[in-house]
Structure formats: structure tokens, C-alpha cells
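**Student:** A predicted structure for the sequence below; I have some questions about it.
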Amino acid sequence: MFAIPLTFAGLFPGLYFTNNPLSFFVMIGVIGLSGIVVNNTIMLVDFANQSRAKGQKYKSINY
């Protein structure tokens, strides 16, 4: 649920810089975006739990 407020960090500057008003269609888009964000978060947590159940540990990415 922490990821949903973070979507507003991109929403309002995006509306401001593109000079678009906050309208009904924007709110429909926000609801859709919130659904996508929640779904991605659930999938990420589920993948992490499955990896931990298999005994895998966190590995950092070295570039």
C-alpha cells in the first residue's frame, strides 16, 4: 500500500508540465494506475517469498 502514494509523485508534475487539468478521465487513469502498481507489488513480494522458501538469499547486482 506504500506504493500507491508514490504514484502521485509522477502524476501531478506530469499534469502540470503537460498543461492538463485534473479531470474525470485523469481520475479513471489514476485508478487504473493504482491497480497496476498494486498488482506489480503483489507479484514482487510473492516472488521474493518463493525465492526465500527455496533457500535463495539476496544477491546484489555488481556492475
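**Tutor:** That came through, no problem. Residues are numbered from 1 along each chain as shown.
**Student:** in the chain, which residue is closest to the centre?
**Tutor:** Val37 (3.4 Å; CA atoms, centre = their mean).
**Student:** helix/strand/coil for that one?
**Tutor:** Assigned by DSSP: H, G, I helix; E, B strand; the rest coil, the conformation of Val37 is helix.
**Student:** kindly report the same for Pro21.
**Tutor:** When classified by three-state DSSP, Pro21 comes out as coil.
**Student:** next one: the residue nearest to it when sequence neighbours are not counted, what pLDDT does it get?
**Tutor:** Spatial nearest neighbour of Pro21, excluding adjacent residues (CB to CB, 6 or more residues apart in numbering): Leu15 at 7.5 Å. Any C-beta I mention is one placed from the backbone N, CA and C, and that applies to glycine too. You'll see Leu15 listed with a pLDDT of 92.
**Student:** and what of Asn20?
**Tutor:** 92.
**Student:** one more: the one 4 residues further on?
**Tutor:** Reading off the per-residue confidence, Phe24 sits at a pLDDT of 96.
**Student:** contacting residues for it?
**Tutor:** By CB atoms under 8 Å, 6 or more residues apart in numbering, Phe24 lies in contact with nothing.
**Student:** gap between it and Ala9?
**Tutor:** Distance, Phe24 to Ala9, using CB to CB, to the nearest Å: 22 Å.
**Student:** hang on, the earlier thing: ok, for the residue nearest to the centre of the chain, nearest residue in space, not its chain neighbours?
**Tutor:** With CB to CB, 6+ apart, the residue lying closest to Val37 is Ala3, at 4.9 Å.
**Student:** separation between the one you found and Thr18?
**Tutor:** 23 Å.
**Student:** between the two, which is the more surrounded one?
**Tutor:** With neighbours defined as other CB atoms under 10 Å, Ala3 and Thr18 compare such that Ala3 has more, 12 against 7.
**Student:** distance of the more buried one relative to Leu11?
**Tutor:** Remark: distance between Ala3 and Leu11 (CB to CB) = 13 Å.
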